Structure formats: structure tokens, C-alpha cells
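J.: One predicted model, sequence on top.
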Protein chains: 2
Amino acid sequence: MKTALVAGIDIGGTNTAFGLVDRQGHIHDRSTIPTQSASAEELVKEVSGEIKKMILNLGPAFVLKGVGIGAPNGNHFSGCIEYAPNLKWKGIIPLCSYFEKELLVRAVLVNDAKAAALGEMLFGGAKGMKDFLFITLGTGLGSGIVSNGALIHGHDGLAGEVGHTVIVPGGRLCGCGRQGCLETYCSASGIRKTYLQKSGIEDSLEIDSAYIFERARQADPVALDAFELTGQWLGLALANAVCYTSPQAIFLFGGLAKAGDFIFHPVRKYFEMNLLKIYQGKIEILPSQLNEGDAAILGAASLLWKTEL
Amino acid sequence: MKTALVAGIDIGGTNTAFGLVDRQGHIHDRSTIPTQSASAEELVKEVSGEIKKMILNLGPAFVLKGVGIGAPNGNHFSGCIEYAPNLKWKGIIPLCSYFEKELLVRAVLVNDAKAAALGEMLFGGAKGMKDFLFITLGTGLGSGIVSNGALIHGHDGLAGEVGHTVIVPGGRLCGCGRQGCLETYCSASGIRKTYLQKSGIEDSLEIDSAYIFERARQADPVALDAFELTGQWLGLALANAVCYTSPQAIFLFGGLAKAGDFIFHPVRKYFEMNLLKIYQGKIEILPSQLNEGDAAILGAASLLWKTEL
């Protein structure tokens, strides 16, 4: 019997990572190329060529089942990347149809955080869960909401923008043009802003979330305070989030989540403190169980495997 | 052929209303009895006796298909009312099993706001919609979230508590014991508090949301200001709510929604003003199309009809 593989493709602002993933979540081959060296169509041709080579190299026991793509502003319903602020390609890019033309198999697209949420469900810590919230704490705050075993897409494919809920009216200016969005406080760039404010340091390129983590390990009170404040904002925001979909668990993923207890401890404390009584003591806040390097590829591939369940 | 009817039962703090509803949403017979005159089991016996009489009176062309119940703190998964603060019955009440014992047909339970949301989808303004938000502005703020054609229940049946998202940390004391919940600002009792604060009037029994509506119609600036402020809070809260499930429309129902433009105008203004760009101009805020007197019965009956779709 042939082994079916899905090409999981993660299109990021800088690099596009892709790999061949089987139903058990093993990555059989993988590669990375720069995203923005070319037009979208040229990138698709290049990635498709690599995928063909990989499949042929693996030998006749393997077949390509489909293509799963995670990308910023990827719309599941249209199969297009729509007005992604962090990509060079402007307007609407019909990515799925480009891939289907090259590889002749079905292509499915979703935004990157939603793809990772599916990866967590199929291959990570959310195995067997039907209701959970997945939060990526990277440059921004991305989210994927799984309810009754399925991603929430919304009527237009644009559900799950928890990072753009306003938590401080009139607060920090957000990349979206509004003020006080959750992601301006709770993300790698958010904690950087908090640290700079609290320390009184002028802007410095050296200071990023890894630097603040390192300072916290050295017991720098300003760094510890920055984590405490971040946890306070995120704990309240997640307590509010629970009121919508009542998840069994909340997974934190991405750069800031790597700070371990420095971030999980205050988040859990303020989460439980702000939670409505009926939810108290039963919702876990957990680190993602996906390996950082694999998550995006596994997540993108999950899009196709999910439809098999 | 026999006509199947569902008994729709709405258990409220004061009265229990019930009626026999066909697949088209016509109510063939109805009645009301006081809720708290008896124990839960006695109430179920009394209501069941009335329902049997109604069916027999309608004649042999009609059969009872099932029982749909909407009740405060009704848990769809357990079929029980769980710790309802506004009912005399304490603890966990296995309401569905009581009804099944009396009427020998399937009984389904859900909280009252979720029942009304289903009623809106089957028989009201949300016909044909798969993604919408339903908000009741009564004594509190209740909500039902429909995503991809189904109610969101969450892992424990307790999803959809939008009224208990904290919008003003450290704000007004809520019945839930926390501070600053949306329902302490945006509900019939919330606007009453706002009006009293703004007018400087000592507490007065005369002042309720109907009174404030009447004052607004007479151009009382304090009443107009109370509606404006309520719209400001609710508009922002709903703009945040959209980030979770990206609904096609938001329906407002209940006492406060009857104030028409006085509430809809500011809500729509602040909603649009606070909305993330990708959602702007495409989500309608609409009055419920359910008749106030029928909504609860239709909503409860929808629970059974919905499973037919």
C-alpha cells in the first residue's frame, strides 16, 4: 500500500518552509526558501518543483495527497491571501489555485495561527480535545479557536482575531490603525514596549523578548515587572475569551511563550483571578506541545489531514 | 398524516410559559403558570399535565414530538439546571429527566438566551444565517453564539456568557461577584444605574429602562446621555466580540432593545468606529424579529426542530 503525504507549506514574511507530512505527523523531507525573492506565482512554481523532487526522491511507495498552506491573512473560504500587510504581494493572491495548477492535487489555505491550532489538535497537546483556544505570542498575537472539533472560520473566513480585541481604549497604537489592541501589550513586541516604558531606556535594538527573558532570569526587577504586567493583561483577556467558547484548555505558542514560568505564572494567576465562577479551576493554560521548527509545517499539513477525520 | 408538535417551555424567574409549536413556528396552544409555587418536580408535573390536555384538545391529528426547554443556567449537555441564582431551586435540577418521565418523549434543555438565538435562526431574522450573535438586553445581558449553523456550547455546555466579559476593570459590582462586567453597563438594570449616576437622583423605584426610554422621547438630555453611554460601551464590546466568531449579523433582543433608534443608533456608531478594518461595513446590528411574547416558547421549541435540519 502507498503512503500518502501532505505537503505542509508555511509562508512567512521572510521564509517559506515546507515539508512532506504523513498521517502520523512525521515529516519525511523538508526545505526552506526565501519568500520574497519572487512574485507569488514564481514562488509557487519554485516550491512545487522542490516538492515534486522530494516525492520522487522518497521513492514509489509515496504519493502526494494534497497541499496545506498556512499564510498571513490566508482566507480558508476563498483560498486567497487577502491584503497581507507583512508580505510584498499586494491585493488578493489566489494561492490555492496556483498550487493546484502546479501539483494537480487539492490545496487548502488558512491563516498561520489557525493552521498551528489544527497542528496542536492533530499532533500536539490538544489531541482528543474538541474545544480549545490557541494563542501565538510572536511579533503580534495570533489566534485559532477550535469549537466542537472544528476551527471557527466565521461567515467570511476572518474569525479568530483575538489579538485585535481592544483591551485598553485609547491605549497603545496598533499596526491595524486602532488603539489599545491586545497584541500591542501581549506579544514579543508588546513586552518590549512595556520594558522600555518601565526602564526609561531609550529605544535600543538589543532589547527584544529574548533579552527581557534573560534579564528576568537575572532577577532584573524591571524585566520581572514587564512579565507581571503582560500576564495581568493577558490573564484578563483570556478570562474574557473563555466567556465566548468555554474551551477546555488554552495553549500558548511562540517566542514569548518560551519564557516559561516567567510568563505562565502571572498569566495563570490573573486568568484565574478574573474568571467567572462557573469556569474557575477547570481550564488549563498550557505551553504548546509542537516543536517550534515543525509547528508551521505540521499545522499547514493538518488542514488536509483534518478533513479525513 | 399527523402533525408533529414540540412543547416549547420557557422557565423564568417569575413565570413558566409553554406552548405547542409546529415545524413552521406556529403556536397552536399556550399557557403560563407561576414558576416558584412549587418544587421543580411539582412544576414539571403541572406543566406536563397541561401539555397533555392541550394535545388531546387539539385532536387526533396532532402528536407530541418532544420537549424543548429554555431556562436560566440550563446546561445542554447534562439536561440539568445548575445553580441558577434567580430560581428558588438550589443545586442541580435534572429537568430533562423529570419531563421525560412525565411525557415519555425526548426533552432537551439549554439556557434561555441560547434558546432564543435558535428561535431567531429558525423562525426570526436569522433565517438562512450560519454565523450570528444574539444578545438579550433584559435584567442582565444574555447571549447565544451561532457558528457554522450550530450553537456554541463549549466543552462544558457553558459557552456564551458575553454579559460577563469584563469591560471596565474595577468597575461596577456585578451579581456574579466580580466587577465591571458588560451586563452591569449594558442591560435594563445597567442603563438604570447610568441614568441614576448622571441625574444625581437618589434611587427611585419609578426609574426603569421604560421610564428612561420615555424621558429620552421627551428629549431629556440625561436620558439621551444614558443611551449614548450605553451604546458606547456596547458598541465597543460587540466590536471585540466580532474578533472571536466573525458573525454576519448581531441581533439585539429584550426590554432595552425596544428603545429602537435611541439604543441602535449609538450602538451602531460606536460599533463601526471600533471595528477592525477587515470587518468594517459588513456586519449588521439588527433588532430581533421574534415577537417578545412568543420568543421564549419558539426558542425552546427550536431546540428540537433544530435537530431535524
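T.: Okay, I see it.
J.: In terms of secondary structure, what does the helix or strand containing A:Trp305 contact?
T.: In the assignment (DSSP states H and E), A:Trp305 maps to helix A:292-306. Under the contact definition 3 or more CB pairs under 8 Å, 6 or more residues apart in numbering or on different chains; DSSP states H and E, helix A:292-306 sits against strand A:3-11, strand A:15-21, strand A:27-34, strand A:62-70, strand A:107-110, helix A:112-123. Just so you know, the C-beta spots here come from the backbone N, C-alpha and C atoms, and that holds for glycine as well.
J.: buried residues in it?
T.: A:294-306 (16 or more other CB atoms under 10 Å in any protein chain shown).
J.: ok, A:Lys198 - contacts?
T.: Counting by CB atoms under 8 Å, 6 or more residues apart in numbering or on different chains, A:Lys198 touches A:Val222, A:Asp225, A:Ala226, A:Leu229.
J.: So which other helices or strands are in contact with the helix or strand hosting the third one?
T.: Secondary-structure assignment from DSSP H and E places A:Ala226 in helix A:221-245. Here helix A:221-245 touches strand A:132-137, strand A:141-147, helix A:188-199, helix A:209-217, strand A:249-253, helix A:261-274, helix B:221-245, going by 3+ CB pairs under 8 Å, 6+ apart.
J.: Name the helix or strand for the residue of the stretch 51-200 of chain A at minimum distance from chain B, please.
T.: Per CB to the nearest CB, the residue of the stretch 51-200 of chain A with the smallest distance to chain B is A:Gly154, at 2.4 Å. Counting by DSSP H and E, no helix or strand carries A:Gly154.
J.: same check, this time on A:Trp89
T.: Counting by DSSP H and E, A:Trp89 is found in no helix or strand.
J.: So A:Lys65 sits against A:Leu5, correct?
T.: Yes: assessed by CB atoms under 8 Å, A:Lys65 is found in contact with A:Leu5 at 6.3 Å.
J.: Give me the more crowded residue out of those two.
T.: The neighbour count for A:Lys65 versus A:Leu5, taken as other CB atoms under 10 Å in any protein chain shown, is higher for A:Leu5 (26 against 22).
J.: Is that one bridged to anything, and to what?
T.: A:Leu64 (DSSP bridges).
J.: While we're on it, how confident is the model there?
T.: As predicted, A:Leu5 sits at a pLDDT of 97.
J.: what sits against the residue of the stretch 201-309 of chain A found nearest chain B?
T.: Taking CB to the nearest CB, chain B has its nearest neighbour within the stretch 201-309 of chain A at A:Ser246, 2.5 Å off. Residues near A:Ser246 by CB under 8 Å, 6+ apart: A:Asp131, A:Tyr279, B:Ile152, B:His153, B:Gly154, B:His155, B:Asp156, B:Gly157, B:Leu158, B:Ala159, B:Gly160, B:Glu161.
J.: Who wins on neighbours among those residues?
T.: Neighbour counts for these (other CB under 10 Å) peak at B:Ala159, which has 28 neighbours.
J.: Run the chain-centre distance for the lowest-mean-pLDDT helix or strand in chain A.
T.: Least confident helix or strand, chain A: helix A:292-306 with a mean of 89, by mean pLDDT, DSSP states H and E. Per CA atoms, centre = their mean, to the nearest Å, the displacement of helix A:292-306 from the mean C-alpha position of its chain is 11 Å.
J.: so A:Ala113 sits right up against A:Ala159, yeah?
T.: No: between A:Ala113 and A:Ala159 there is no contact under CB under 8 Å: 11.2 Å.
J.: would you list the buried residues of helix A:292-306 in a markdown table and tack on distance to B:Thr139?
T.: Formatted as a markdown table, these follow (distance: CB to CB, whole Å):
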| residue | distance to B:Thr139 |
| --- | --- |
| A:Asp294 | 51 |
| A:Ala295 | 46 |
| A:Ala296 | 47 |
| A:Ile297 | 51 |
| A:Leu298 | 48 |
| A:Gly299 | 44 |
| A:Ala300 | 47 |
| A:Ala301 | 49 |
| A:Ser302 | 44 |
| A:Leu303 | 44 |
| A:Leu304 | 48 |
| A:Trp305 | 47 |
| A:Lys306 | 42 |
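J.: just to revisit the earlier point, could the contacts of A:Ser246 be laid out in a markdown table, adding distance to A:Thr165 and pLDDT?
T.: Formatted as a markdown table, the contacts of A:Ser246 follow (distance: CB to CB, whole Å; pLDDT from 0 to 100):
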| residue | distance to A:Thr165 | pLDDT |
| --- | --- | --- |
| A:Asp131 | 19 | 98 |
| A:Tyr279 | 18 | 95 |
| B:Ile152 | 17 | 97 |
| B:His153 | 22 | 96 |
| B:Gly154 | 18 | 97 |
| B:His155 | 21 | 96 |
| B:Asp156 | 23 | 94 |
| B:Gly157 | 24 | 93 |
| B:Leu158 | 20 | 93 |
| B:Ala159 | 17 | 96 |
| B:Gly160 | 17 | 96 |
| B:Glu161 | 16 | 96 |
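J.: A:Leu196: which of those is nearest?
T.: A:Leu196 lies nearest to A:Tyr279 out of the contacts of A:Ser246, by CB to CB, at 34.4 Å.
J.: Kindly report the residues of the stretch 151-300 of chain A close to chain B.
T.: Residues of the stretch 151-300 of chain A found near chain B (CB under 8 Å from any CB of the partner chain) are A:152-162, A:164-166, A:169, A:176-178, A:236, A:239-241, A:243-248, A:274, A:276-279, A:282.
J.: switch the cut-off to 7 Å
T.: Residues of the stretch 151-300 of chain A lying close to chain B by CB under 7 Å from any CB of the partner chain are A:152, A:154-156, A:158-159, A:161-162, A:164-166, A:169, A:176-177, A:236, A:240, A:243-248, A:274, A:276-279.
J.: just the CA coordinates of the host helix or strand of A:Glu100, formatted as PDB?
T.: Using DSSP H and E, A:Glu100 maps to helix A:95-103. Provided in PDB are the C-alpha atoms of helix A:95-103 (Å, rounded to 0.1, in the frame of the first residue of the first chain):
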ATOM      1  CA  LEU A  95      -2.600  30.900  -3.800                       C
ATOM      2  CA  CYS A  96      -4.600  27.600  -3.800                       C
ATOM      3  CA  SER A  97      -5.400  27.800  -7.500                       C
ATOM      4  CA  TYR A  98      -1.700  28.500  -8.200                       C
ATOM      5  CA  PHE A  99      -0.700  25.300  -6.300                       C
ATOM      6  CA  GLU A 100      -3.400  23.200  -7.800                       C
ATOM      7  CA  LYS A 101      -2.200  24.200 -11.300                       C
ATOM      8  CA  GLU A 102       1.300  23.100 -10.500                       C
ATOM      9  CA  LEU A 103       0.700  20.000  -8.400                       C
END
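J.: Contact partners for the residue lying closest to A:Ile145 once chain neighbours are set aside?
T.: Distance criterion CB to CB, 6 or more residues apart in numbering or on different chains; nearest residue to A:Ile145, sequence neighbours excluded, is A:Ile152 at 4.5 Å. Contact partners of A:Ile152, counting by CB atoms under 7 Å, 6 or more residues apart in numbering or on different chains, are A:Ile145, A:Ala159, A:Gly160, B:Ser147, B:Thr245.
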